[in-house]
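> Next one to model:
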Amino acid sequence: MNIKIVSVFLISILLLVCVVSLMIGAYPIELKAILQIIFRFNTQDIYPTDQTVLLQVRLPRLIMAAFIGSALAICGAVIQGLFRNPLADPGLIGISTGAMLFVIFTIVFGGFWLSKELQVYALPVSGFIGACLVTFLVYRLATTDNHTDITIMLLAGIAISALGGALTGIIIYMADDNQLRDITFWSMGSLANLGWGDVLFAGPILFICSVILYRFSTPLNLMLMGESVSKHSGVDVVKLKKQIIVLVAIMVSICVCLSGIIGFVGLVCPHIVRLLVGPDHRKVISLSAILGALMMAIADVVSRTLISPAELPIGIITALIGAPFFMWLLVEQKKRLR
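Numbers count the residues shown, from 1 in each chain. Predicted structure coming up:
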C-alpha cells in the first residue's frame, strides 16, 4: 500500500481523535471554545474552568500520550528489526519489567535517603538503570559468538520478567498504604498526573532518541538479511545492537516512569504497519510512531470516559486491544511452521 495514502489516513484519524479527546470527559468542552483558547481569540467569552481544564489537564496529557505511544511503537519496531522477529517487544523481553522494578524500589525506599525533589529525578534514572541491566542480561544470555538466538531471547525475557515480578511483589509487600495505592494504579498504566513539566522533560529526550533510531533504518534493513550479510555490507553489528539497546532502554525507562507499564503498543503497531507497507524500516519506524500515538490517544479517551468520572488504567485498555492481536499473531506463526 502507498505510504503517502497510509500516512494521510493515519494522521487524519489522529487529528480527529485529538480533537475528540480535548472535547469529551467528565467536564465537556465545546469545539468552539477549544479553538478560541488554542488560537487565543475572543478568550474573554470563555469560562475560566474551560481554559484550566484544557490547558492544564487535557492538552499536556494528550501530548504525553502521543509521545509515549510513539516512543513505545518505535522501540517495538527497532527491537523487532534488530532481532528479526515480530514477537520481540520491550515488554516481552523484560525491559519494561526491569525499569518497573527499579522505579518501584525507588518509590518505596527512596524516601529514606532522597528528598522529594531528588526522588522525582531519581525515578527516570533508576528506571534507565533497570532497563539497561535487564536488556544487556537478556542480550548476553541469548548471544553466542555474536549470534542472537531469538527463542533463547524470548525465554530469557520471560524468565527475567517472572523474577522481576517476584522481586516487585516483595518490595510492594513492604510498602505503606499510600505507596501501595500509587504503585497499584501506576503499575497498570496511567496518564492521570502528567503535566507540562513532564512534557518539557520527556518530550525532547523521546524525540531525539526517536530521530536517532530512525537513522538506523538502513542498517536494520540490512539486518533483515542476516548478521553475516550485514557485516559484509559494512555494518558494525555489535555496535549497532549496543546503540539500539541503550536508546530503547532510555525511552522505555522514561515511559515507564511517567505512565507505568503499558503493554502491546510496541508489539501491535509495528506489525500492523508491516502488513500495510512492508518491512522497510524507513516506513515502519515513521508510521509506527504515528500509529502508536493514535493507539495511545484512543486508549486515553476510552480510559477517561468509559466509567466517567472515574478512570480506568490505560494499560488495561491497551491490553484489551493488543492481547487479541497477539493471539492472532501466534496463530499465524503456528500456521507458517506447518
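
> Just the element for Leu191, please.
Using DSSP states H and E, Leu191 falls within no helix or strand.

> swap in Ala65?
Using DSSP H and E, Ala65 falls in helix 59-83.

> Show me what that helix is packed against.
helix 3-23, helix 196-214, helix 217-223, helix 237-259, helix 265-277, helix 281-305 (3 or more C-beta pairs under 8 Å, 6 or more residues apart in numbering; DSSP states H and E). Every residue, glycine included, has its C-beta placed from N, CA and C.

> what mean pLDDT does stretch 40-56 have?
Averaging pLDDT along stretch 40-56 yields 82.

> That should have said stretch 331-338, apologies.
For stretch 331-338, the mean confidence score works out to 72.

> Give me the contact list for whichever strand or helix holds Ile183.
Using DSSP H and E, Ile183 sits within helix 177-187. Contacts to helix 177-187, defined as C-beta atoms under 8 Å, 6 or more residues apart in numbering, come from residues 100, 104, 107-108, 172, 175, 192, 260-261, 313, 315.

> what about it, distance to the chain center?
Put simply, helix 177-187 sits 20 Å off its chain's centre (C-alpha atoms, centre = their mean, to the nearest Å).

> What of stretch 176-189?
For stretch 176-189, the distance to the chain centre is 20 Å (C-alpha atoms, centre = their mean).

> do the same with stretch 327-337
Distance of stretch 327-337 from the chain centroid (C-alpha atoms, centre = their mean) equals 24 Å.

> Over to stretch 311-318?
With C-alpha atoms, centre = their mean, you get 14 Å for stretch 311-318.

> Give me the distance between the two termini of stretch 85-92.
Using C-alpha to C-alpha, to the nearest Å, the gap from the first to the last residue of stretch 85-92 comes to 12 Å.

> Show me where the stretch 101-250 of the chain dips below the pLDDT cut-off.
Scanning the stretch 101-250 of the chain for pLDDT under 70 picks out the ranges 111-120, 146-148, 150.

> Could you rerun that using 90?
Low-confidence segments of the stretch 101-250 of the chain, defined by pLDDT under 90: 101-161, 164-165, 168-169, 171-195, 197-198, 201, 223-246, 248-250.

> Check which helices and strands the helix of greatest length in the chain is in contact with.
Assignment by DSSP state H gives helix 116-142 as the longest helix of the chain. Packed against helix 116-142 by the contact rule (3+ C-beta pairs under 8 Å, 6+ apart) you find helix 95-109, helix 150-173, helix 237-259.
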